[in-house]
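Peer 1: quick one, what's the 3D model for this:
(one chain, ligands or ions: 2)
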Amino acid sequence: MIISVASGKGGTGKTTISVNMALALGAGVELLDCDVEEPNAHLFLKPVIERSERVEVPVPLVDLKKCTFCRKCSDICRFNALAVVGKKVLVFQELCHSCGGCMAVCPEGAITETGRELGTVNFGARGDIRFINGQLRVGEAMSPPLIKRVRAEADLQLITIIDAPPGTSCPVIAAMNGADFILMVTEPTPFGLHDLKLAVEAVRLLGIPCGLVINRADIGDRKVFDYAESEKLPVLLTIPFDRRIAVAYSQGKNIVDEFPEWRERFGDLFRKIEAIIKDRGEAVSCAK
Ligand code: SF4
Ligand code: SF4
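Peer 2: Numbers count the residues shown, from 1 in each chain. Ligands and ions are numbered 1, 2, ... in the order given. As a prediction, this is how the structure comes out:
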């Protein structure tokens, strides 16, 4: 079972929900931090990191001794990652999407592959909770391949909780695609509502069942609740604005560790999701 925890905007408490749900389950679960540009789930879960792997993507390497400067490679590259200038072939590695097209069309066999570092994948655990995160290299812009690499490490025998990146662009889709359920975390503010609407549109395209957690639920207004009702989005958990929770968060502590009554509530959150997945016919899906 794969549950992707997402939010239209950052700072809504997506990581808090992911970590606390994993802690409430305690075993048979893994947490994948796919917010690779700014992974922070490890700061709260505090796993022991056992190993790290460097992740690379293939990019072209041109042998000028074989090259006849015919431009076939630059013509086929739709990302403008190659340019033939006089007797040089310039490769802009950051633009390359590793499609292999240039290598396939080169009539001289002048192009081979070399690796470009994307980032690191770290593997660890906290007790019986398996943990993996991706860390994008500083300055690297292309995060979806690293997110896919983290997801490829998922153990499908476990309950997989994915902490997705915020927003609604390609990295988020990479973290949500193929999930059994998408849990969207929002807050009852105009910004929260605006970004929630965008996120729901993206989720509907994927046709995956979804539900909401409304964080700091007693601030702002009722418009997020009204929107959820009008769109038939189930509100699975509300978390009030509680100074004690905010203080614990600022100290890197978790809700279920500090306030035992919340362990049951996060367990209930999972059981509601599990019920929806098991009974998709009755599920209030994001697909209206
Ligand atoms: S396709 Fe091959 S031979 Fe032609 S310019 Fe590119 S590298 Fe050189
Ligand atoms: S591998 Fe694809 S994207 Fe990269 S330079 Fe070659 S044609 Fe362009």
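Peer 1: so which bits of the stretch 101-250 of the chain are right by ligand 2?
Peer 2: Residues of the stretch 101-250 of the chain lying near ligand 2 by C-beta under 6 Å from any ligand atom: Gly101, Cys102. The C-beta positions use only the backbone N, C-alpha and C, and glycine is treated the same way.
Peer 1: pull up the distance across stretch 144-158, start to finish.
Peer 2: 23 Å (C-alpha to C-alpha, to the nearest Å).
Peer 1: that stretch - what's its average pLDDT?
Peer 2: Stretch 144-158 carries an average pLDDT of 95.
Peer 1: ditto for stretch 99-108
Peer 2: 97.
Peer 1: distance from that stretch to the middle of the chain?
Peer 2: The chain centroid and the centroid of stretch 99-108 are separated by 32 Å, computed with C-alpha atoms, centre = their mean, to the nearest Å.
Peer 1: residues in contact with it?
Peer 2: 58, 60, 66-68, 70, 72-74, 76-77, 82, 111-113 (C-beta atoms under 8 Å, 6 or more residues apart in numbering).
Peer 1: which of the residues you listed count as buried?
Peer 2: Neighbour-count burial (16 or more other C-beta atoms under 10 Å) is assigned, among the contacts of stretch 99-108, to Pro60, Cys67, Lys72, Cys73, Ser74, Cys77, Leu82, Ile111.
Peer 1: for the third one, which non-adjacent residue is spatially closest?
Peer 2: Okay, so that is Lys72. Distances taken as C-beta to C-beta, 6 or more residues apart in numbering place Val105 nearest to Lys72, at 4.8 Å, with adjacent residues excluded.
Peer 1: grab the two from the buried ones among the contacts of stretch 99-108 that are most spread out in space.
Peer 2: Distance extremes for the buried ones among the contacts of stretch 99-108: the farthest pair is Cys67 and Cys77 at 14.9 Å, using C-beta to C-beta.
Peer 1: re the thing from before, and the two most separated of the contacts of stretch 99-108?
Peer 2: Applying C-beta to C-beta across these, the maximum distance is between Pro58 and Thr68, 23.0 Å.
Peer 1: ok, the residue of the stretch 151-288 of the chain found nearest ligand 2 - contacts?
Peer 2: Ligand 2 sits closest to Cys170 of the stretch 151-288 of the chain, with a gap of 15.5 Å, by C-beta to the nearest ligand atom. Neighbouring residues of Cys170 by C-beta under 8 Å, 6+ apart: Pro144.
Peer 1: go with 10 Å
Peer 2: Met142, Ser143, Pro144, Ile147 (C-beta atoms under 10 Å, 6 or more residues apart in numbering).
Peer 1: what distance do you get for the nearest residue to Ile219 once chain neighbours are set aside to ligand 1?
Peer 2: Spatial nearest neighbour of Ile219, chain neighbours left out: Phe241 (5.1 Å); criterion: C-beta to C-beta, 6+ apart. Here the distance between Phe241 and ligand 1 works out to 59 Å (C-beta to the nearest ligand atom, to the nearest Å).
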